[in-house]
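Trainee: A predicted structure for the sequence below; I have some questions about it.
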Amino acid sequence: LIGPIWLIATSTESRTSIRYGSRSPQYITLELGHVLENLRLTSWGRDLSLQTFVSPSETPDWLEILGEEPKLEFIAGFTKSSNLLSDKYKLTSGKLSILDNDSFIHDYSIEETIRLRSSVRDYLDKNITKSEIETFFRLFLGINNKNRQVIFPGFSNNSLLDYTMFVGEKITDINPGVYNINSSTGSFVSLENTDKILDLQQAGLDQQWIGSASFSITISSKNIQLTADRLSILEAGVAGQRFYHTCTLTNLGMVVIGAFYDNQIQSLIQSTGQPLYIIPIGPVERSIIAFQLESIPITLRTIGNIAGILAVFLFLIMAIFHTNAVKTLFHIKSQKIHYFFASMIIFFVVIHVFILIGYYSIRTGEFSQIFDILIKAFLPPPLDFELAESVGQFFARMALWMSIALILIMLPLKVLERIKPKFRTLTHNILFIVIIGSILVHSFLNSNILNRFQEEYISLVIIGMGIWYLIHQYSKKQTENKKSID
């Protein structure tokens, strides 16, 4: 192994298997591909030689030193290159020079490109030209064309993968349809002359940004591979990160999606190869990309997520204020404060549901689909236990239905008045715990905004539930003591 700097990457599968189940090893390998591409690009820009070993069998000595846990994923070695880059490839004042003036391409340094890359799910409603698409794929593959300097080094091992492009009505001079992309030249050939964007969205668990993107790309293993091997999955991760870099340079935004119904994707791309990524891509403002670097990107979808979080905490506060101990402490005799909290919770839940499920309709102003939004709000997509997002959506609907049941039970209906208060209280508490538990599962499996604050959020909710339980038990004991005295 070359040196003098060595980088060892390991993984602990149990950290992700709770959330992603059987797909956990695949997602880890994809993430490793993203890391490898950034290492390759950085070493290229800094005139370093990079040697990587991605199979533990290639490095038995290191495997013996590290043991089985954490799992050894790859080893990379860096040293000063003996083959200096030619002048046109060297960093000039920290930037890569571009020989021709193309407003479609930004003059970012390698460090800036890596720093500015981010997942974007909000795209501008404007068309992209065929010429821009061709330039995009040339940059992705590192192809020198029309005397333009190659911004990236050439892309290796792309023969392991198949790339398919889905086009709707938002690309000028390219008919809607499905296209196979030549991974050597960047050219594309028609596979089907029918707009399949909505079919792709449905196959991708109905994630709205697939439908709102200008075009989408699927990455899959070669047709002969019914199950992708580790090297193909690793290369898909490399390609995913490469697409992030290319989008950053071309005023485009994207997000990689690894959760979908495999058989539906295979049908759409007419291949038996294993699907590895769906990548929706669309135009964005440079300021949007830069702003995504903040801890929480403020977008319409973020507002929907915040509304959901507020509903959860208001739900906990309402439960605490409904205990006898708190009522006595604050001299609360009326149910008005309870109804106030319930109304606010319903308000924020409605915002959460309509923004996240009806996001595309809100962005486009097509409110004729409101009925479809309502149907999707109450009926979860087909449940697939191997897809974390699918399970999360199921628990979201469970929380919604249990909340409706809770409201009905607490209403002063004559039929329910015949039920003993003790039984109603027990039912209320069980539903409350089921709702909070379902919301936590939904937040853990589906939320994007919580990726960086997930542990803090879940900890606060659990602490809130603990406070409610302690106050509830205290109130129950006080009530029993009062009855015994009487």
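Mentor: Okay, I see it. As the structure is a computational prediction, the values presented were derived from the model and not from experiment.
Trainee: C-alpha only now, for contacts and for neighbours.
Mentor: OK.
Trainee: Any chance of the backbone angles for residue 276?
Mentor: Backbone torsions of residue 276, given as degrees, to the nearest 10, read phi -120, psi -30.
Trainee: count of neighbours near it?
Mentor: 27 (other CA atoms under 10 Å).
Trainee: Which residue comes closest to it once chain neighbours are left out?
Mentor: For residue 276, ignoring the flanking residues on the chain, the nearest one in space by CA to CA, 6 or more residues apart in numbering is residue 220 at 5.1 Å.
Trainee: What ranges does the stretch 351-486 of the chain have for its helices?
Mentor: In the stretch 351-486 of the chain, the helices defined using DSSP state H, counting those that start in this stretch lie at 359-364, 370-378, 388-410, 414-417, 421-446, 454-485.
Trainee: What are the buried residues along the last one?
Mentor: Translated: helix 454-485. Residues of helix 454-485 classed as buried by neighbour count (16 or more other CA atoms under 10 Å): 454, 457, 458, 461, 462, 464, 465, 468, 469, 471, 472, 475.
Trainee: Report the distance from stretch 41-55 to the chain centre.
Mentor: Relative to its parent chain, stretch 41-55 has a centroid offset of 28 Å by CA atoms, centre = their mean, to the nearest Å.
Trainee: Of the helices of the stretch 351-486 of the chain, which is nearest residue 140?
Mentor: Minimum separation from residue 140 across these (CA to CA) falls at helix 359-364, 28.3 Å.
Trainee: So for the closest one, mean pLDDT?
Mentor: Averaged across helix 359-364, pLDDT comes to 53.
Trainee: Chain neighbours aside, what residue packs nearest to residue 215?
Mentor: Excluding its sequence neighbours, the residue lying closest to residue 215 (CA to CA, 6+ apart) is residue 167, at 4.9 Å.
Trainee: which residues does the one you found contact?
Mentor: Going by CA atoms under 8 Å, 6 or more residues apart in numbering, residue 167 touches 174, 175, 176, 177, 178, 179, 195, 196, 197, 214, 215, 216.
Trainee: Distance to residue 71 added to the helices of the stretch 351-486 of the chain, as JSON lines?
Mentor: Output for the helices of the stretch 351-486 of the chain, formatted as JSON lines (distance: least, CA to CA, whole Å):
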{"stretch": "helix 359-364", "distance to residue 71": "40"}
{"stretch": "helix 370-378", "distance to residue 71": "41"}
{"stretch": "helix 388-410", "distance to residue 71": "23"}
{"stretch": "helix 414-417", "distance to residue 71": "57"}
{"stretch": "helix 421-446", "distance to residue 71": "24"}
{"stretch": "helix 454-485", "distance to residue 71": "24"}
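Trainee: for these, which one sits closest to residue 263?
Mentor: Ranking these by proximity to residue 263 (CA to CA) places helix 388-410 first, at 15.3 Å.
Trainee: rounded to a whole number, what's the mean pLDDT of stretch 327-342?
Mentor: Averaging the model's pLDDT scores along stretch 327-342 yields 78.
Trainee: outside of it, which residues touch it?
Mentor: The contact list for stretch 327-342 (CA under 8 Å, 6+ apart) reads 314, 315, 318, 321, 322, 326.
Trainee: Tabulate the residues you listed in TSV, adding columns for distance to residue 392, neighbour count and secondary structure.
Mentor: Shown next, in TSV, are the contacts of stretch 327-342 (distance: CA to CA, whole Å; neighbours: other CA atoms under 10 Å; DSSP: H, G, I helix; E, B strand; the rest coil):
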residue	distance to residue 392	neighbour count	secondary structure
314	21	17	helix
315	19	21	helix
318	24	19	helix
321	29	22	helix
322	29	18	coil
326	33	15	helix
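Trainee: quick check, residue 180 in a strand?
Mentor: Yes: assessed with DSSP: H, G, I helix; E, B strand; the rest coil, residue 180 lies in a strand.
Trainee: what about the stretch 101-250 of the chain, any weak spots by pLDDT?
Mentor: For the stretch 101-250 of the chain, applying pLDDT under 70 flags the ranges 101-109, 144-158, 223-228.
Trainee: any chance you could map the helices in it?
Mentor: Counting by DSSP H, counting those that start in this stretch, the stretch 101-250 of the chain has helices at residues 110-116, 130-141, 197-203, 208-212, 230-249.
Trainee: tell me what the longest one is packed against?
Mentor: Packing partners of helix 230-249 (3 or more CA pairs under 8 Å, 6 or more residues apart in numbering; DSSP states H and E): helix 24-45, helix 110-116, helix 130-141, strand 161-167, strand 215-221, strand 252-254, strand 275-283.
Trainee: any idea which of the ones you listed is most buried?
Mentor: Stretch with highest mean neighbour count among the helices and strands packed on helix 230-249: strand 252-254 (a mean of 28; mean count of other CA atoms under 10 Å).
Trainee: now what about that strand, what contacts it?
Mentor: Taking CA under 8 Å, 6+ apart as the rule, strand 252-254 contacts 118-123, 244, 247, 279-285, 289.
Trainee: which ones are touching the nearest residue to residue 355 once chain neighbours are set aside?
Mentor: Nearest non-adjacent residue to residue 355, counting by CA to CA, 6+ apart: residue 304, 5.4 Å away. By CA under 8 Å, 6+ apart, the contact set of residue 304 is 351, 352, 353, 355, 356.
Trainee: any idea which of these is closest to residue 55?
Mentor: Nearest to residue 55 among the contacts of residue 304: residue 356, at 40.8 Å, using CA to CA.
Trainee: Report the buried residues of the helix or strand hosting residue 263.
Mentor: Under the criterion of DSSP states H and E, residue 263 resides in helix 262-269. Neighbour counts over helix 262-269 (16+ other CA under 10 Å) mark 264, 265, 266, 268, 269 as buried.
Trainee: low-scoring stretches of the stretch 251-400 of the chain, by residue?
Mentor: Residues of the stretch 251-400 of the chain that meet the criterion pLDDT under 70 lie in 286-301, 334, 358-374, 376-377, 380-389.
Trainee: ok, back up a step: nearest to residue 80, of the helices of the stretch 351-486 of the chain?
Mentor: Once the helices of the stretch 351-486 of the chain are compared by CA to CA, helix 454-485 is nearest, at 40.4 Å.
Trainee: Give the rounded mean pLDDT of the closest one.
Mentor: Helix 454-485 comes out at a mean pLDDT of 74.
Trainee: and that helix, what other elements does it pack with?
Mentor: Partner elements for helix 454-485 (3+ CA pairs under 8 Å, 6+ apart): helix 300-321, helix 324-329.
Trainee: which stretch among these comes nearest residue 255?
Mentor: By CA to CA (comparing all of the helices and strands packed on helix 454-485), the closest turns out to be helix 300-321, at 14.1 Å.
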